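Student: need coordinates for the below:
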Amino acid sequence: MRTALIIAFLLAFFAIPAHADAPAPLPAPATVTAASAVKVEAKLSTASPTFGDQVELLATLHYPSNYRVFFPAHPNLRPLLADPLNPGKSDRQEAGGQVTETFHVPLLVVRAGLLRTPPIEVPFHVVTAGGGAGESGSVTIPSMKITVKSQFANDNNVAPSPLPAPRPLIEENVPLEIGLLILAMMALSGGLTALGLKIYKNRAALLRPKATVPPHIVAIGRLTDLERSGRLANETPRVVVAELSEILREYLGGRFRFYALDMTSTELLERVRALDLKQVRLEQIQQFTDTSDLVKFAGLPATPEELAELHAFVQEVVAKTMQTAAELDQLRAAETARLALQKKLRLQVMAPTPLRVRALALDVLCGSIATAGLAFLAMRTGRQGLFDAAYALWFGWLAIRDAVGGSSPGKAMTGLEIAAFEVESHDARRAWNDDAPPEDESILIAKMASWGAKLKRNLLLAVPGAGLVAEVWTALALPEQRRFGDQWAGTRVIDGRHGLRKGKPAWWPAVVALVLAAVLLLAPLMLGGRPA
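Tutor: Below you'll find the predicted structure:
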């Protein structure tokens, strides 16, 4: 009995304080249920697709406008896969404080049979008055079943679906591709060369020197026209005096070789002071410039008689200082000598065109023999790189054929040489004087072209096809029939056997050599082509 009372006392002692001092249990965290605030509806566009088809998940969420719902951007719906080419879309509508948002998720069916998609959890939270996140929760899109049929047309009568349309087997033809590329480059080069030649001819026409007319002829003609027009009596004095001043300045500048139209009156008098004006005094010209400046710039009136006197003074200056017949004959002789020397340089230093074409054809034939031999060796050994190097060697040979040794094989066999020419005369170090004719002792000095110039003249030929078109076209169209490479490098192809040949050179050897070269170049392509 005593033991029972002790046990009861101990239980009461420990039970009562524990019950009295224990804090009240905390309330469970508030959970917003989806049924009360956020509702979800989900379905697939079709419940029985075929393997490989596209289906669409339609998920519609209804929630208050003060809620924010976070639908996954890439929901996990395996074994259905998201379509990488179609990210999907969403539609959102709000009315009466309630939002309806529909998500369209495109999917690809990549497995056959009875499938079940995993559930999708969609979290949300309430937006507080301050814009923060309040109570939160989530709603779950339940798992959905889908039956995927195989690609067999009938499960009872198994038959495969129709095969796709056949596709042609494309075999790479490297020689054909390279040939078409070279033809395209040749066409482009032809167009650019034609455009360049047109620009060159237009510029040459603008720069072509015109027949020079003695300055006193021009001045007398303008003075006569001014007098016959009656403008001395009817025109404004300022305009008449300005024209008379221009006539005098233009004449003095042309007669004594200086540009007087832009000079001031002071500059003009300083220049005229050093000239031989024969019977015209410097004071008379100074008086004319002073009067003309007052009329032109200060508006000083002038009577028709005064204008006639100024007109007569300009006529007097022209008549007393114009070139004599002997001086004009000397100028004509100088111009004739200059043109003759220019013609000599252009026509006598260049070798005949048939010889130059023959040398080029022989060089092409030599390069074709080496190319064909290397290409056949590549076909026998089956090495693609060796075959490609063979035809690259052909274009490289065209570029370096003149730089190695004294000249190319074609030029050595035809007796041609590459030279650079310079014109040197005894008056080369003297100041230029238009009144003095060129010396008769002007000589033409020829020197062998350097290896750099020989390489430079053939660089354009290294461009497959395009360079050959440009060089042939410019050789036919440019003066002296010097192709673009020779004009660029400053070289000329001359005949080293000039005077020793009998008759005119023929064209047929060049034609035969070019035909043989074409046969050698095309033979490897036609017989076997590039090794596989």
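Student: host element of the most centrally placed residue in the chain?
Tutor: The centre of the chain sits closest to residue 192, judged by C-alpha atoms, centre = their mean, with a distance of 12.6 Å. Residue 192 belongs to helix 174-207 when elements are defined using DSSP states H and E.
Student: show me how this protein divides into domains.
Tutor: 39-148, 215-323, 346-426+433-527 (automatic domain parsing).
Student: nearest to residue 197, out of these?
Tutor: The closest of those to residue 197 is domain 346-426+433-527. By C-beta to C-beta, the value is 5.1 Å. In this view, the C-beta of every residue, glycine as well, is placed from N, C-alpha and C.
Student: what's the average pLDDT for that closest one?
Tutor: Regarding domain 346-426+433-527, the rounded mean pLDDT is 80.
Student: measure how far it is from the centre of its chain, please.
Tutor: Taking C-alpha atoms, centre = their mean, to the nearest Å, one finds domain 346-426+433-527 lying 30 Å from the centre of the chain it belongs to.
Student: give me the buried positions along stretch 283-298.
Tutor: For stretch 283-298, burial by neighbour count (16 or more other C-beta atoms under 10 Å) applies to 285, 286, 288, 289, 291, 292, 295.
Student: looking at the residues you listed, which one is closest to residue 353?
Tutor: residue 285 (58.0 Å).
Student: now do the closest one against residue 128, distance only.
Tutor: 102 Å (C-beta to C-beta, to the nearest Å).
Student: over to residue 408?
Tutor: The spacing between residue 408 and residue 128, counted by C-beta to C-beta, is 92 Å.
Student: can you check residue 226 too?
Tutor: Taking C-beta to C-beta, one finds residue 226 at 99 Å from residue 128.
Student: who has more neighbours out of these two?
Tutor: residue 226 (19 against 11; other C-beta atoms under 10 Å).
Student: what helix or strand is residue 283 on?
Tutor: helix 282-297.
Student: give the next helix or strand downstream of that helix.
Tutor: helix 304-321.
Student: in terms of secondary structure, what does that next one contact?
Tutor: Judged by 3 or more C-beta pairs under 8 Å, 6 or more residues apart in numbering; DSSP states H and E, helix 304-321 is in contact with helix 215-228, helix 231-234, helix 237-256, helix 282-297.
Student: okay, those in TSV with distance to residue 485 and mean pLDDT next?
Tutor: Shown next, in TSV, are the helices and strands packed on helix 304-321 (distance: least, C-beta to C-beta, whole Å; pLDDT from 0 to 100):
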stretch	distance to residue 485	mean pLDDT
helix 215-228	43	88
helix 231-234	58	86
helix 237-256	41	88
helix 282-297	55	88
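Student: ok but residue 90 is inside a strand, no?
Tutor: Yes. Assessed by DSSP: H, G, I helix; E, B strand; the rest coil, residue 90 belongs to a strand.
Student: what does the nearest residue to it once chain neighbours are set aside show for phi and psi?
Tutor: Counting by C-beta to C-beta, 6 or more residues apart in numbering, residue 90 lies nearest to residue 103, which is 4.9 Å off, once chain neighbours are set aside. Main-chain torsions, residue 103, degrees, to the nearest 10: phi -110, psi 130.
Student: now the one 4 residues further on
Tutor: Reported as degrees, to the nearest 10, the phi and psi values for residue 107 are phi -130, psi 150.
Student: enumerate every residue touching it.
Tutor: 54, 55, 56, 57, 77, 80, 81, 82, 83 (C-beta atoms under 8 Å, 6 or more residues apart in numbering).
Student: quick check, pLDDT for the residue nearest to residue 90.
Tutor: pLDDT recorded at residue 103 is 82.
Student: residues near it, how many?
Tutor: Based on other C-beta under 10 Å, the number of other residues close to residue 103 is 23.
Student: beta partners for it?
Tutor: residue 59, residue 90 (DSSP bridges).
Student: that one and residue 40: what is the separation?
Tutor: Residue 103 sits 10 Å away from residue 40, taking C-beta to C-beta as the criterion.
Student: ok, residue 289 next?
Tutor: 104 Å.
Student: could you find the closest non-adjacent residue to the residue nearest to the centre of the chain?
Tutor: Here the residue nearest residue 192, using C-beta to C-beta, 6+ apart, is residue 470, at 7.5 Å.
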